[in-house]
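Participant: When you get a sec, could you give me coordinates for this:
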Amino acid sequence: MPAPLLLTRSQVRQAMSAANLNEAVRQALLLRAEGSVAPPVSGQIALPAALLHLKAGAVTSPATLSVKANLRPHGKAATGLIVLFDVQGAAITAVMDSADITAARTGALAAIAADCLAPAARTLTILGAGPVARAALLAVTSLVPIRSIHVWSRSRAKAEDLARSLPRPIVVDDTASTAVRDAELVITATPARQPLLEACDLSSHAVILAMGADSPGKREIGKSVLAQSTIVVDQREDALKVGECAYLSSEGIETGLIELGDLLAGRTSLPERRLNSRDFVVFDSVGSAIVDTLVAKSILAEAIRLDIGLRLAFDA
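Facilitator: Predicted structure coming up:
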């Protein structure tokens, strides 16, 4: 068996494409829906100046497992690694820099969710202007026919930088509530720990992709929004622990959650929207370890095709 392939950050970027990311994310969600995955493992280690995110996921055929460790220093860019294993061969197949993978796969996940939940949306607002917001904006606008885009960030300078980075007009708003007022599709991609949005801020049938809350204490969506929403999740168990769903107050609400993979597989459907009342759809995304596994596998395949990376024999 070949020695593990080591991929640097620039090589990972070279081996990623929007089409491959979207396909890997879609396949991961479908495999979860059909039960062809092992129960994922996720957790965080809190340090005084940083948070370490750990995720492990596996698909059963062919048996492939990934482990991701991302260090998020407070106020600094994240850094980390993904290790990919061939379970049947009992071997490490790749070690790759994860600095760009998390943002890229989150963007692709937002695009798949938007295409499923709001395929005809014309107006989009994104709250946040960091790497995840940028990746989500690019990915979503490649699949959904958006005509009008608004952006808001606590840092107006960052919002303006994001607006300038795309070759299409983007309006920078002064407040989150102003930005989302007429949006059919809203993406939240911030590290907020207090709600940014309440029901009164949103148009009556808005679809909200909540991509930011992925660890204890984070939240972007107010209870008034959740109370009037059909809630779709990427991974039920983690959403109830660290996502927006952690703030749901209704007992037994987990039975009403819909997994995105089940929608994609046609196993279930969204309920009929109420015409004359506020009736939202919220996609509560916490990041799936299964998605990491399939994305890492696709990056490895492309890197091999491009003949990039360094072979390292750890067992030598």
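Participant: what ranges do the strands span in the stretch 51-200 of the chain?
Facilitator: 63-73, 79-86, 91-97, 123-127, 148-152, 171-172, 185-188 (DSSP state E, counting those that start in this stretch).
Participant: What angle do strand 79-86 and the longest one make with each other?
Facilitator: Translated: strand 63-73. Angle of strand 63-73 versus strand 79-86, following axes from the mean of the first three to the mean of the last three CA atoms, to 10 degrees, is 170 degrees.
Participant: Parallel or antiparallel, list what pairs with strand 63-73.
Facilitator: strand 50-60 (antiparallel), strand 79-86 (antiparallel) (DSSP bridges).
Participant: By neighbour count, which bits of it are buried? Give me those.
Facilitator: 64-72 (16 or more other CB atoms under 10 Å). Bear in mind the C-beta positions are built from the backbone N, C-alpha and C, glycine included.
Participant: residue contacts, the residue nearest the centre of the chain?
Facilitator: Nearest residue to the geometric centre of the chain (CA atoms, centre = their mean): residue 106, 2.8 Å. Going by CB atoms under 8 Å, 6 or more residues apart in numbering, residue 106 touches 132, 135-136, 189, 211, 285, 287.
Participant: gap between it and residue 128?
Facilitator: For residue 106, the distance to residue 128 equals 11 Å [CB to CB, to the nearest Å].
Participant: Pull up the overlap in contacts between these two.
Facilitator: Both residue 106 and residue 128 are in contact with residue 189, where contact means CB under 8 Å, 6+ apart.
Participant: which SS state does residue 25 fall under?
Facilitator: State at residue 25, reduced to three classes by DSSP: H, G, I helix; E, B strand; the rest coil: helix.
Participant: May I ask you to confirm that it is in contact with residue 113?
Facilitator: No - contact criterion CB atoms under 8 Å: residue 25 and residue 113 do not qualify, at 9.3 Å.
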